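A.B. asks: Sequence and predicted structure are below.
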Amino acid sequence: MSKLDNPLSIYKLLPKSNCKLCGAPTCLAFAAAVIKGDKRINECPHLEKEDIEELNGQIVRQMTPEEQLKQILVPLKEEILNVDFSAAVERLGAKFSGDKLTVKCLGKDFIVDSKGNFISDCHINVWVIVPLLNYIIHSAGKDLSGKWVTFRELSSDTVWISFFEKRFEEPLKQLIDSYPDLIEDLILIFNGKHVENSYSSDISLVLYPLPKVPLLICYKKPVEDLQSQLNIFFDMTADENLKIDSIYRLCVGLLVMFQKIALRHA
């Protein structure tokens with residue numbers, strides 16, 4: 001039997017009765033959960049023991065996004081060995097002391113050594129570290145233009161655009177809708193700055209996830225029957241100072257931090 005590395009390959013082997021005894025709403029949902037590692041194939045009560053043993057040896061579980069990022073870290077830590085920290089200071093808007101580079105991320109110091117190891121008083125997650133290493137290695141050091149553009153204007157890749165909208169913009173809007181005071185917390189905790197209200201917003205806030213990759217958050221509060229609006233903008237040089245995939249991952253990392261802050265409001 002060939003490897004079972006996608007939900008459909010497992011679904012074909014299931015009874016397709018949608019009995020829900022496994023805890024999933026459908027057999028296809030169960031198959032998807034098995035591939036993700038959220039369910040085990042023996043949780044289907046209709047499969048024979050012999051079949052389960054055979055199938056277990058054929059299933060290839062998909063890595064989680066976090067696991068994928070941890071794999072990406074390995075080559076990045078090898079690449080950073082070739083970076084001259086002292087020469088990169090101006091390019092990155094960073095500081096250099098001893099053998100370590102200090103980069104401001106959301107107003108907090110992230111200290112990195114020549115082997116790619118980080119120290120910070122701020123919570124460190126892999127969604128932030130991977131873009132930060134990419135920034136140190138690949139940033140062109142372009143000065144900010146002062147012109148704001150959307151993620152869609154930075155990238156023509158529909159996959160990254162979809163990821164950005166579904167996994168950052170939409171959940172961030174839901175988060176701010178649920179916790180309106182979150183905007184003020186972002187200012188206090190992450191050295192955000194109010195700017196003149198832009199794009200018909202009630203609140204316009206600039207954050208600096210990285211020194212040369214600022215983020216403009218524009219939020220319009222809901223009024224009567226009108227829903228709230230959230231728009232995210234980047235300096236037009238962003239894709240020269242950080243690759244598109246890392247911009248997306250950095251934003252998801254910020255969302256993880258924001259969600260932790262929101263829990264304090266719960």
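C.D. replies: Now that the structure is in, tell me what you want to look at. Numbering: from 1, shown residues only.
A.B. asks: what stretches of the stretch 151-266 of the chain score poorly on pLDDT?
C.D. replies: 265-266 (pLDDT under 70).
A.B. asks: where do the strands sit along it?
C.D. replies: Counting by DSSP state E, counting those that start in this stretch, the stretch 151-266 of the chain has strands at residues 193-194, 203-210, 213-220, 229-235.
A.B. asks: Not counting its neighbours along the chain, what's nearest Ser228?
C.D. replies: Ranked by C-beta to C-beta, 6 or more residues apart in numbering and with sequence neighbours excluded, the top spatial neighbour of Ser228 is Pro222, at 4.3 Å. The C-beta positions use only the backbone N, C-alpha and C, and glycine is treated the same way.
A.B. asks: what's the answer for Pro25, then?
C.D. replies: Asn18 (7.4 Å).
A.B. asks: which residues does the one you found contact?
C.D. replies: By C-beta atoms under 8 Å, 6 or more residues apart in numbering, the contact set of Asn18 is 25-27.
A.B. asks: Return the distance of the closest residue to Asp121 other than its chain neighbours relative to Gly116.
C.D. replies: With C-beta to C-beta, 6+ apart as the criterion, Asp121 has its nearest non-adjacent residue at 6.2 Å, and that residue is Lys108. Going from Lys108 to Gly116 by C-beta to C-beta, to the nearest Å gives 18 Å.
A.B. asks: Surely Leu216 and Lys147 touch.
C.D. replies: No - under the criterion of C-beta atoms under 8 Å, Leu216 makes no contact with Lys147, lying 10.8 Å away.
A.B. asks: who has more neighbours, the two?
C.D. replies: Leu216 (19 against 10; other C-beta atoms under 10 Å).
A.B. asks: Roughly how far does the more buried one sit from Trp148?
C.D. replies: The spacing between Leu216 and Trp148, counted by C-beta to C-beta, is 5 Å.
A.B. asks: what sits in contact with each of these two?
C.D. replies: 198, 233-234.
A.B. asks: closest to Ile161 among those?
C.D. replies: Relative to Ile161, the closest of the shared contacts of Leu216 and Trp148 is Phe234; by C-beta to C-beta it sits at 13.0 Å.
A.B. asks: what residues are up against the closest one?
C.D. replies: 148-151, 154, 213-216, 247.
A.B. asks: who's it bridged to?
C.D. replies: Val149, Leu215 (DSSP bridges).
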